[in-house]
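[1] model this:
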Amino acid sequence: MTEYRDRRPPWASGFTLLELLVAMAIFALMGALALGGLNNVLGQREAASRQLERLHRVQRAVRILATDFGGLAPRVARDALGTGEGPLVAPCGVEFTVCLSRDGWRNPFAQFARGTLQRVQYRLEDDRLLREYWPVMDRTLVNEPHREVLVDHVERFEIAYVDRSGSGDWLTQWPPLQQAGSTGLPLAVRFTLTLQDWGEIVRIIEVVQ
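    Predicted coordinates:
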C-alpha cells in the first residue's frame, strides 16, 4: 500500500482567508463590546462624581444656614447715616429674603483682630441662593458685602418664625406686624430649601437667647 503524504510546502499551511475574516470579525465585536462597557463605566463614574459634589454643596449650604440662624444675636446694625436695622429683618427690603446679625464668627487668623459678630443677608437670584456678609457690623457707604453662591438650581427659599408668645404659629414676617420695630428674636426659625433635582429640604433651628 502506498503511504499518502502531504506534499504541500511548509509555507502553504495556516489559516484560510475565511477563517481570518471570521477571527477579525470576532475580535472587532469583542473590542466594540469592551469599549462600550468602558464608556458606560466612565459615564457612571462621572455621574456619581457630579452627584457627590452636589451632595457636598447642598450639605454645606444647609450647614451654613443652620449656623447663621442658630447663632442669631440681638445686635442692631447701623448704616453710614446711623439708621438702625434690627437683628433679624424678614423680608429685608425688596431684594433680600432675610437680613440678620449672628455671633460665633470664628477667626482662624488670631493675629488679625476682629469681632465675632457678622451681618448676613440672603437672597434668591437666577435660581441661585446668595449669601452676602460684611466684615463689620456697622457699615459705611464704601462697604461692599462679600458675596457667595451657596447652592444653585434652587426653586424656592422660604423662612418662617415662631415668636416667644407661646402661640406656636409660624410667621412669614419678622418682626411681626404687632411688634414692628422690635429688636427681639424668635423662638425658632424654619427654613425651606426646594431644589430642582432633590426636592424639598426643611430644617427647624432653635434660637438660643
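[2] what packs against the one helix or strand in the chain whose mean pLDDT sits lowest?
    One helix or strand of the chain scores below all others by mean pLDDT, DSSP states H and E: helix 17-70, with a mean of 83. Packing partners of helix 17-70 (3 or more CB pairs under 8 Å, 6 or more residues apart in numbering; DSSP states H and E): strand 98-102, strand 146-152, strand 188-195, strand 199-206. C-beta: built from backbone N, CA, C; applies to glycine.
[3] how distant is the next helix or strand after that helix from the center of its chain?
    Downstream of helix 17-70, the first helix or strand assigned by DSSP states H and E is strand 77-78. Chain-centre distance of strand 77-78: 29 Å, with CA atoms, centre = their mean, to the nearest Å.
[4] for this protein, which residues score under the pLDDT cut-off?
    1-15, 80, 107-114, 141-142, 180-181 (pLDDT under 70).
[5] thinking again about what came up before, highest average neighbour count across the helices and strands packed on helix 17-70?
    Mean neighbour counts were taken over the helices and strands packed on helix 17-70 using mean count of other CB atoms under 10 Å, and the top value, a mean of 23, falls to strand 98-102.
[6] and that strand, C-alpha only, in CSV?
    Extracted in CSV, the C-alpha atoms of strand 98-102 (Å, rounded to 0.1, in the frame of the first residue of the first chain):
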residue,chain,number,x,y,z
VAL,A,98,-33.7,88.0,55.3
CYS,A,99,-31.0,90.1,57.0
LEU,A,100,-29.6,89.0,60.3
SER,A,101,-26.9,89.5,62.9
ARG,A,102,-25.1,86.4,64.0
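[7] so what secondary structure elements neighbour the helix or strand following it?
    Per DSSP H and E, the first helix or strand lying C-terminal to strand 98-102 is strand 118-125. If contacts are counted by 3+ CB pairs under 8 Å, 6+ apart, strand 118-125 sits against strand 98-102, strand 128-134, strand 154-162.
[8] one more time with 10 Å
    helix 17-70, strand 98-102, strand 128-134, strand 146-152, strand 154-162 (3 or more CB pairs under 10 Å, 6 or more residues apart in numbering; DSSP states H and E).
[9] and the ones you listed as CSV, adding distance to Ile201?
    What follows is the helices and strands packed on strand 118-125, written out as CSV (distance: least, CB to CB, whole Å):
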stretch, distance to Ile201
helix 17-70, 6
strand 98-102, 17
strand 128-134, 11
strand 146-152, 10
strand 154-162, 10
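[10] please work out which of those is packed deepest.
    Ranked by mean neighbour count under mean count of other CB under 10 Å, the helices and strands packed on strand 118-125 are led by strand 98-102, which reaches a mean of 23.
[11] identify the residues contacting Glu46.
    Neighbour list for Glu46: empty [criterion: CB atoms under 10 Å, 6 or more residues apart in numbering].
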